[in-house]
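>>> the following block contains a protein sequence and its predicted model.
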Amino acid sequence: MSTGRRIRPIKPKMRLEFLTPDGIRMIHEAALDVMESVGVRFPSHKALDILEGAGAKVDREKMIAKLPADLVMKAISSAPSVYTLAARNPEDDLLLDGEHCYLSTDGCGVETYDLYTGEKRTSTKQDVHDSAKLADAMDNIAFIWGPMVSAQDVPPETRPLHELEACFIGSSKHIQPETIISEDIARRCIEMASILVGGKENLRKRPIFSVMQCAMDPLGHDGGSLEASLVAAEHGIPTGFMPMPMSCATAPATLAGNLVLTTTDSLSALVLIQIAYPGAPVFFAAAPTAIDLRTGGYTGGGPEDFLLGGAFNQICDFYGIPLSMGAMATGAKLPDWQAGVDNSFSTIAPVLTCTDMLTGAGMLNGSKILSFQQIIMDCEIYGIAKMFAEGIQVDEETLAVDTIKKVGVGGNFLAEKHTRRHLKDLWRPMVYDRTPYNAWEASGRKGAFENATELARKIMETHEPLPIPEDQKKELRECIRKAEAELVKGR
């Protein structure tokens, strides 16, 4: 199974542990206790019918289902541990096998720093396409998550369809939207994706998109999202839910308590999907954090995020379920020192626990503002993390004893064949400045931001994603036209 001719996943050799086996077991048992004794809110009669039919205790008035431990464990056992996220270009397929870390973009912001003016403005459908196009060109970006920003210049009733179309056209990589939050929209998205792969049965075999939903912390889900995910599972589309419990607000102050809620919200969604469609591909997703004690807001970067992310990945390994973990997504307002610190640490922690999917590059202000430059700089951070996590290969070839003997005392290795064979192994920066001081001064004192700006503009002007045939584009547009005729008020 190829991981893609362009995509560079991380295959960590070093592993960090944030929880002991006893700690994982205690969190697991606490989550089972909460699900059975307190329950989780499922505001969907369809979901409640499924759960009640399988033996859950359902309170119809409060729309809460209490899930017996044996039901939960049976659901976990039916979920696959390994499967593929397909792409329009088969060479961009991603194997979720617990051995690789794949980076995605972030989403779903509402503003954009314009690449040419630098001004902050409301995001558009063109931004959705352009951010997907830039990510398509970046080797370190494995799939498109979000969309990165909301297409606020199209009708809200059909916005997810416009965004999916823009992502498909902008990139041949796997797409993972988080804006498909109703059964009707989910079915229309299935139709659109089926156009590109030759029908629904082919889509089942090659799911070129997956569905990400947000939980309603604490201990709850969104009804529309539940029903959309049931549609996805019906057609073999991987689906996952993202709890975002915030310690002191929507989670206990303690990190262990936060992890109990994160686990509960993730497992409860998995139970529903597996009861309805046993063996359907599912993944866990989470962005646990802590409250900002000064503002009461979402932190978007901090030591708690790093610890929670790494720890929850160990919990997912315990269940044998792939994980998509929020990384990067700094709270910084600009691509500055704070953004670099936030995104470096929030990348290293999940990488060293081998999180399957890391979301996401390119956003600022706690995932609210798209920065094209930040996409590129986050890819630079990921590249450093990749080299760090993969460690040092030691064998006869890399020890280079024969080459050392040949060069001898006081020699030089530049002209050696061994050097030429391994030049590609060295890390090469895209936007880091490592030029001599005089050269840096002569260039106008350009740093990473300026270099990233130039590179992003060049990509926008020259990169051509794998094209979609015109007849398929026409069918996609017709799907959206039909949806707007049926759903948009005043038409």
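In hand now; what should we look at? Numbering: from 1, shown residues only.

>>> check the gap between V128 and I27 for me.
As judged by Cβ to Cβ, to the nearest Å, V128 and I27 stand 37 Å apart. (Glycine included, C-beta is placed from N, CA and C.)

>>> neighbour count for the two, which is higher?
V128 (31 against 23; other Cβ atoms under 10 Å).

>>> nearest residue to that one in space, please, no chain neighbours.
Sequence neighbours aside, A166 is the residue nearest to V128 in space, at 4.0 Å (criterion: Cβ to Cβ, 6 or more residues apart in numbering).

>>> per-residue pLDDT of that neighbour, please?
Looking at A166, its pLDDT is 98.

>>> other residues contacting the helix or strand encompassing it?
Secondary structure from DSSP states H and E places A166 in helix 159-170. Applying Cβ atoms under 8 Å, 6 or more residues apart in numbering, the external contacts of helix 159-170 come out as 88, 125-126, 128-133, 135-136, 144, 146-147, 150-152, 154, 175, 177, 179-181, 185, 188-189, 192-193, 196, 209, 465, 468, 473, 476-477, 479-480, 483.

>>> what is the subsequent helix or strand relative to it?
In N-to-C order, the element after helix 159-170 by DSSP H and E is strand 174-177.

>>> one step back: pull the distance from the helix holding A166 to the chain's centre.
17 Å (Cα atoms, centre = their mean, to the nearest Å).

>>> which residue ranges of the stretch 101-250 of the chain form strands?
102-105, 111-113, 120-122, 141-146, 174-177, 211-214, 239-242, 246-247 (DSSP state E, counting those that start in this stretch).

>>> gap between the residue nearest to V128 and P465?
For A166, the distance to P465 - Cβ to Cβ - is 11 Å.

>>> overlap in contacts of these two?
A132.

>>> those two: which has the busier surroundings?
Counting neighbours by other Cβ under 10 Å for A166 and for P465 shows that A166 has the greater number, 24 against 19.

>>> how about low-confidence regions in the stretch 201-350 of the chain?
Applying pLDDT under 70 to the stretch 201-350 of the chain flags residues 299-301.

>>> all helices for it, in order.
Secondary structure of the stretch 201-350 of the chain (DSSP state H, counting those that start in this stretch): helices located at 223-234, 255-276, 303-319, 337-351.

>>> and of those helices, who's closest to V409?
Proximity to V409 (Cβ to Cβ) singles out helix 337-351 among those, at 38.7 Å.

>>> what packs against the closest one?
helix 303-319, strand 357-361, helix 372-390 (3 or more Cβ pairs under 8 Å, 6 or more residues apart in numbering; DSSP states H and E).

>>> in TSV: the ones you listed, plus distance to H162 and mean neighbour count.
Listed next are those as TSV, based on distance: least, Cβ to Cβ, whole Å; neighbours: other Cβ atoms under 10 Å:
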stretch	distance to H162	mean neighbour count
helix 303-319	32	22
strand 357-361	20	30
helix 372-390	20	23
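
>>> in JSON lines: these, plus distance to D22.
Shown next, in JSON lines, are these (distance: least, Cβ to Cβ, whole Å):
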{"stretch": "helix 303-319", "distance to D22": "12"}
{"stretch": "strand 357-361", "distance to D22": "27"}
{"stretch": "helix 372-390", "distance to D22": "26"}
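
>>> looking at those, spot the one closest to E61.
Of the helices and strands packed on helix 337-351, nearest to E61 by Cβ to Cβ is helix 303-319, at 31.7 Å.

>>> the helices and strands packed on helix 337-351: which one's closest to G224?
Closest among the helices and strands packed on helix 337-351, using Cβ to Cβ: strand 357-361, at 21.3 Å.

>>> mind listing what that closest one pairs with, with the direction of each?
strand 102-105 (parallel), strand 323-326 (parallel) (DSSP bridges).

>>> run the chain-centre distance for the first one.
In this view, strand 102-105 has its centroid 5 Å away from the chain centroid, taken as Cα atoms, centre = their mean.

>>> just the C-alphas of that strand, formatted as PDB.
Taking Å, rounded to 0.1, in the frame of the first residue of the first chain, the C-alpha atoms of strand 102-105 are listed here in PDB:
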ATOM      1  CA  TYR A 102      -0.700  12.400   8.700                       C
ATOM      2  CA  LEU A 103      -1.000  16.200   8.800                       C
ATOM      3  CA  SER A 104      -4.100  18.000   7.500                       C
ATOM      4  CA  THR A 105      -5.100  21.600   7.300                       C
END
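
>>> in that strand, what's buried?
102-105 (16 or more other Cβ atoms under 10 Å).

>>> can you give me the domain boundaries for the protein?
Domain assignment for the chain by automatic domain parsing gives 1-391+435-491, 396-425.

>>> winner for burial among those domains?
domain 1-391+435-491 (a mean of 20; mean count of other Cβ atoms under 10 Å).

>>> what does stretch 132-140 contact?
Taking Cβ under 8 Å, 6+ apart as the rule, stretch 132-140 contacts 6-8, 103-105, 141, 144, 147-148, 166-167, 169-173, 175, 361-362, 372, 375-376, 379, 382-383, 386, 456, 459-460, 463, 465.

>>> how about A132, nearest residue that isn't a chain neighbour?
Going by Cβ to Cβ, 6+ apart, A132 has G170 as its nearest residue, at 3.0 Å.
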